[in-house]
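Trainee: Can you look at this prediction? I've put the sequence above it.
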Amino acid sequence: MSIEARHFINGEFVASASGQTFDLFNPATEELLAKVSNGDAKDVDAAVAAAQAAGPAWSATSAGVKSACLNKLAALIRANVDALGKLEAQSMGVPMSQYPLYAAGAAGALEHFAALTLLKQGITSLNTPGFVNMTLKQPFGVIAAILPWNVPLAMFAFKVGAAVAAGNTCVVKTSEKAPLTTPFVARLALEAGFPAGVINIVHGAGGVGALLSGHMQASLCIRKISFTGSAATGRKVAASAAASNLKNVTLDIVFEDADIEKAAQACAFSMFRNSGQICQAQSRVYVQESVKDSFVAIYQKHWTALITHGDPLDLTTTQGPMADKIQFDNVMRFIEIGKAEGKLAFGGKRSGTKGYFIEPTLFTDLKPDARVVREEIFGPVAVLTTFKTEAEALRLANDTEYGLAASVYTKDVNRAMRVVQGIDSGAVSVNTLNANAFDMPFGGVKGSGCGRELGVDALDAYLETKSVFFKLD
């Protein structure tokens, strides 16, 4: 299968105006995979112009047609799981054996947004004498979607699916670590019936994101930015566009009355997914002191049993490498920091000599201000902290500026309800790893994000509300 790595602008694949490319390496083999078009201001301007030109017709397109396009795109993704999986396996190391789950989630999200296109409705009011008042829900216009590297297909579905369902057009900026599945989906979008210019794609590093977030030409204005990525990048985007999703921190609280076997198994599976390179990986584990030793033993057993490193294209491989050398070096640096700050319970080494594979790793006996506790490692590295009381567990868990999701394990329903209400998190799951549903909002609190994706009100983030006042004579 040939690899398409050019920009996608106005329904066509095009090289960078400058002719510049950057090298993309396979993280499992460390070999050159593709030369990817490297965007600059001219490419961004062309993509925004195409989206702006396509906007009026797409906004006026009926909800039924928009819904049909989204459903067709979802069906095409389901029909091309192997091709998409191969691209993601080669570009960032996601095992083919795991990819059908990710593709199904993206397709399901698009089907959810297809249903929501029919619910774009305002309200009316007769509360003012002599007036009939109403609100109109209207698209912003051009939306910029900046994708993360760890789950590019899912974030394409979450951001672009909602944006186009609401009647907006999009310019998508891929991550330089994982740029290949998005242009493949763009080709599928054309096949699904999306007109040229509705979805545009520009590749490149952070400079392209900065150009998008600062794109304020009078007649070619990006009206909204949707971003998922690191805190540092998010703050830069927020500074110029006032919209971002920042760093994510996810945690578990395991009480002594919990089913320890099931809790440890769920926590292990959470860290196994995508080699820990996922925003909902439960990397901070708080365990009641009396069950620490049994939990660690069961946790190690389940986590290591899940792991078979190898070529991501091999269906017997269950876990791939870090996305690239930069991410590998960063995780290994944190492992060395963890060894100095606490106790290495297991793991802590590179796996093999070729490819960016890392063993499942757990640190214990850490102080609350340890760097490996307070910073996001984004790899197969977890930290475990013990607590004595419920109050201490909540204090430790909330002692962070972030809060994406949490899980609580206990058989005490009253305790579960108290902790659910007391923990600072955008979502809390009880006696299960982090759960998701298309009809429930997804997003964090504090530094873990602004706004929500998914849910029954998912389109609202991509619509402006206009108030209309009719004076009756």
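Mentor: Done, it's in.
Trainee: any weak-confidence spans in the protein?
Mentor: 1, 131, 215-220, 227-250, 447, 449-451 (pLDDT under 70).
Trainee: For it, which segments are assigned as helices?
Mentor: Taking DSSP state H as the test, the helices found in the chain are 41-60, 63-79, 81-92, 99-116, 152-165, 181-192, 206-213, 231-241, 260-272, 292-306, 325-341, 371-374, 390-398, 413-422.
Trainee: closest one to Phe22 among these?
Mentor: Set against Phe22 and scored by C-beta to C-beta, these come closest in helix 206-213, at 11.1 Å. Using the backbone N, CA and C atoms, a C-beta is placed for each residue, glycine as well.
Trainee: For Leu315, what are phi and psi?
Mentor: phi -70, psi -10 (degrees, to the nearest 10).
Trainee: Now do the contacts for the residue lying closest to it once chain neighbours are set aside.
Mentor: Using C-beta to C-beta, 6 or more residues apart in numbering and skipping the chain neighbours, the partner closest in space to Leu315 is Ser97 (5.0 Å). Residues in contact with Ser97 (C-beta atoms under 8 Å, 6 or more residues apart in numbering) are Leu315, Thr316, Thr317, Thr318.
Trainee: Now for the nearest residue to the second one once chain neighbours are set aside, how many residues are close by?
Mentor: With sequence-adjacent residues excluded and distances taken as C-beta to C-beta, 6+ apart, Thr316 is closest to Thr308, at 6.2 Å. Neighbours of Thr308 under the rule other C-beta atoms under 10 Å: 12.
Trainee: Distance of Thr308 relative to Asn10?
Mentor: 44 Å (C-beta to C-beta, to the nearest Å).
Trainee: The residue nearest to Thr316 and Thr317 touch, don't they?
Mentor: Yes - between Thr308 and Thr317 there is a contact at 5.7 Å, judged by C-beta atoms under 8 Å.
Trainee: Let me see the contact set for the closest residue to Leu344 other than its chain neighbours.
Mentor: Take Leu344 and drop its neighbours on the chain: the residue closest to it by C-beta to C-beta, 6+ apart is Phe363, 6.1 Å away. Contact partners of Phe363, counting by C-beta under 8 Å, 6+ apart, are Gly338, Lys339, Glu341, Gly342, Lys343, Leu344, Ala345, Val372, Val381, Ala382, Val383, Leu384.
Trainee: ok, now which ones touch Lys325?
Mentor: Residues near Lys325 by C-beta under 8 Å, 6+ apart: Phe25, Pro27, Glu30, Tyr356.
Trainee: closest to Ala145 among those residues?
Mentor: The closest of those, once distances to Ala145 are taken by C-beta to C-beta, is Pro27, at 24.2 Å.
Trainee: quick one on the thing from earlier: just curious, which of the contacts of Ser97 is nearest to Thr304?
Mentor: For the contacts of Ser97, the minimum distance to Thr304 (C-beta to C-beta) is 11.3 Å, reached by Thr318.
Trainee: What's the separation between the closest one and Val331?
Mentor: 18 Å.
Trainee: neighbour-wise, which of these two wins?
Mentor: Neighbours were counted for Thr318 and for Val331 using other C-beta under 10 Å; Val331 has more, 22 against 17.
Trainee: can I assume that one is in contact with Pro360?
Mentor: No - shown here, Val331 and Pro360 do not form a contact pair, counting by C-beta under 8 Å, at 11.8 Å.
Trainee: My read is that Lys66 contacts Val164, right?
Mentor: Yes - between Lys66 and Val164 a contact is recorded at 6.8 Å, counting by C-beta under 8 Å.
Trainee: So for the two, which residues contact both of them?
Mentor: Counting by C-beta under 8 Å, 6+ apart, the common neighbours of Lys66 and Val164 are Trp58.
Trainee: How many neighbouring residues does the residue nearest to Val94 when sequence neighbours are not counted have?
Mentor: Ranked by C-beta to C-beta, 6+ apart and with sequence neighbours excluded, the top spatial neighbour of Val94 is Glu88, at 4.5 Å. Glu88 has 25 neighbouring residues, counting by other C-beta under 10 Å.
Trainee: what's the neighbour count on the closest residue to Leu313 other than its chain neighbours?
Mentor: Using C-beta to C-beta, 6+ apart and skipping residues adjacent in sequence, the residue nearest Leu313 is Ala89, 5.2 Å away. Look at Ala89: counted by other C-beta under 10 Å, it has 24 neighbours.
Trainee: In contact with Ala89, which residues?
Mentor: Listed by C-beta under 8 Å, 6+ apart, the contact partners of Ala89 are Ala28, Pro95, Met96, Tyr99, Pro312, Leu313, Gly320.
Trainee: Done for today, thanks.
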